[in-house]
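Undergrad: sequence and predicted structure are below.
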Amino acid sequence: MKPSSPTAVARSEPTTSLEQRSASRPALAQRLQEILDLLDDARAAGCSADEAEERVRGPIRELGREVLQQRAEEPHARVQQQRPHLQPRAVHEGKQVLIWHTTYGAIRVEETL
């Protein structure tokens, strides 16, 4: 399988359906359903493609930001859970804030030092 872009990753295992993948992320599945409902409502109202795009642009951007935020927080949470076992006598004081900007907005992760 040839990746479609330089950053694409080829998967060795067969891909699973969207329903199977979203079963572990019910909030994400619900948000996608809401966005699809917005598109259906736009079609029923006789909106043009441009008007339908305008209706879903904001929710899609917000969903993208939330997914990236969650993706950034997951590794940090794992490290924080392992930290007491790795360095039981270490004193942890203070916080460090990591912020980066994406197409979907700013992503912010607070790390405990």
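TA: On my side now, so go ahead.

Undergrad: now the residue nearest to Cys47 when sequence neighbours are not counted, what's its secondary structure?
TA: Nearest residue to Cys47, sequence neighbours excluded (C-beta to C-beta, 6 or more residues apart in numbering): Arg55, at 7.2 Å. All C-beta atoms are positioned from the backbone trio N, CA, C, and that covers glycine. The local conformation at Arg55, judged by DSSP: H, G, I helix; E, B strand; the rest coil, is helix.

Undergrad: all the helices of the chain, residue numbers only.
TA: Counting by DSSP state H, the chain has helices at residues 18-22, 26-44, 49-86.

Undergrad: can you redo the ones you listed as CSV with mean pLDDT and distance to Trp100?
TA: Formatted as CSV, the helices of the chain follow (pLDDT from 0 to 100; distance: least, C-beta to C-beta, whole Å):
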stretch, mean pLDDT, distance to Trp100
helix 18-22, 81, 26
helix 26-44, 92, 21
helix 49-86, 83, 8
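
Undergrad: would you list the ones you listed in TSV and tack on mean neighbour count?
TA: Shown next, in TSV, are the helices of the chain (neighbours: other C-beta atoms under 10 Å):
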stretch	mean neighbour count
helix 18-22	11
helix 26-44	13
helix 49-86	13
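
Undergrad: export the ones you listed to TSV and tack on distance to Glu110?
TA: Listed next are those as TSV, based on distance: least, C-beta to C-beta, whole Å:
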stretch	distance to Glu110
helix 18-22	28
helix 26-44	21
helix 49-86	8
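
Undergrad: any idea which of those helices gets closest to Ile107?
TA: Among the helices of the chain, helix 49-86 comes nearest to Ile107, with 5.2 Å by C-beta to C-beta.

Undergrad: run through the neighbouring helices and strands of the closest one.
TA: Applying 3 or more C-beta pairs under 8 Å, 6 or more residues apart in numbering; DSSP states H and E, one finds that helix 49-86 contacts helix 26-44, strand 95-102, strand 105-112.
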